[in-house]
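Enquirer: Sequence first, predicted model second:
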Amino acid sequence: MERGVASFTYEDLTLEYSITGEGEPILYLHGGHSNCLEQLGLEELVEQGYSVIIPSRAGYGHTSKRIGKSLETACSFYVELLNELHIDQVHVIAASTGGPSGIYLASHYPERVKTFTLQGAVTKPWKEARKRDALFSRFLFYPYVEKFVWKGVSSVARFSPDFAFKTIAPLYSKLPYKEIKERTLSRDWYLFDRMTEFQRSGHGFWIDLHQMKGSLEQELDSIQAPTLIVHSINDAIVPLDHAEYAKGHIQSSKLCCLNTWGHLLSLGKGSEDHNNEVIGFLNHHSA
């Protein structure tokens, strides 16, 4: 699977992006601690004849952090990227903390959005369950600390994948580890290793925390594009009520609650249901 990585400059700021595959375009807005090298769920979309464009969101990868000044600024850059690529309209998929950007884009640029998919996405003001967890995550992913954290995670995953998975997977799921492991597929170990290899937080995670504070109720109410909302009932990162909240506000939406093992919808038993739902939805609304 060949992936091209490039960047363009607009108003003296840089937006990094990748393009994989050929066909009808999808703009994929990745979640936290990721970038344009996102792996999960990409292969299935490309195999179905889609071209997947992934911008590194503000503060991630080599994208300027100042693009994350506001959702309005960030989304204006995504539109300029489409202009740069001579693309009039795209399917938009917004995953996890990419949810607010996707919601703003679908609301304010309806003529550029063919369909909209929310994938385990944040859709309302973010509140961490426990103050201790909030403080701990802010320390671990502070811009000048996070690179050492992710280097350590990647090293452990490479030399002891079982231990790394046993340590990290429960953070993504409400299920006990024994059940998570029973639901794991053989290919998941490779995908999990690839995920940890490319993960970095940069300044992006802190920008996400700021952007997830505000209400997007008005934007959700105004979305007109056909919308698919997919979410795991076992998600420990983004609670299911975020999906239910979006369903309650987007008129032309379908909510699909999946019994995958957690937040990473492309991993484990049940991930084929996720793939079938997303691809079926895209194919139904494709040219």
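Expert: Alright, I've got the coordinates. What you see is a predicted model; the values in this text were computed from it and never measured.
Enquirer: List the contacts of the nearest residue to Gly262 once chain neighbours are set aside.
Expert: For Gly262, ignoring the flanking residues on the chain, the nearest one in space by Cβ to Cβ, 6 or more residues apart in numbering is Ser173 at 3.2 Å. Yep, even glycine has a C-beta here, placed from its N, CA and C like the rest. Contacts here follow Cβ atoms under 8 Å, 6 or more residues apart in numbering; on that basis Ser173 touches 180, 234-236, 261-263.
Enquirer: tell me which residues form a beta bridge with Ser173?
Expert: Asp235 (DSSP bridges).
Enquirer: any idea how far it is from Ser7?
Expert: 35 Å (Cβ to Cβ, to the nearest Å).
Enquirer: mind checking how far the nearest residue to Pro110 once chain neighbours are set aside is from Glu111?
Expert: Sequence neighbours aside, Gln224 is the residue nearest to Pro110 in space, at 5.4 Å (criterion: Cβ to Cβ, 6+ apart). Distance of Gln224 to Glu111, computed by Cβ to Cβ: 10 Å.
Enquirer: who has more neighbours, these two?
Expert: Between Gln224 and Glu111, counted using other Cβ atoms under 10 Å, Gln224 has the larger neighbour count: 13 against 8.
Enquirer: In contact with the more buried one: list those residues for me.
Expert: Applying Cβ under 8 Å, 6+ apart, the residues near Gln224 are 110, 251-252.
Enquirer: could you dump the residues you listed to a markdown table with secondary structure, pLDDT and neighbour count?
Expert: Output for these, formatted as a markdown table (DSSP: H, G, I helix; E, B strand; the rest coil; pLDDT from 0 to 100; neighbours: other Cβ atoms under 10 Å):
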| residue | secondary structure | pLDDT | neighbour count |
| --- | --- | --- | --- |
| Pro110 | helix | 97 | 13 |
| Gln251 | coil | 92 | 12 |
| Ser252 | coil | 89 | 11 |
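Enquirer: before we move on, the earlier item: how far away is the residue nearest to Gly262 from Ser222?
Expert: 33 Å.
Enquirer: My guess is Glu38 contacts Tyr28. True?
Expert: Yes. Counting by Cβ atoms under 8 Å, Glu38 touches Tyr28, with 6.9 Å between them.
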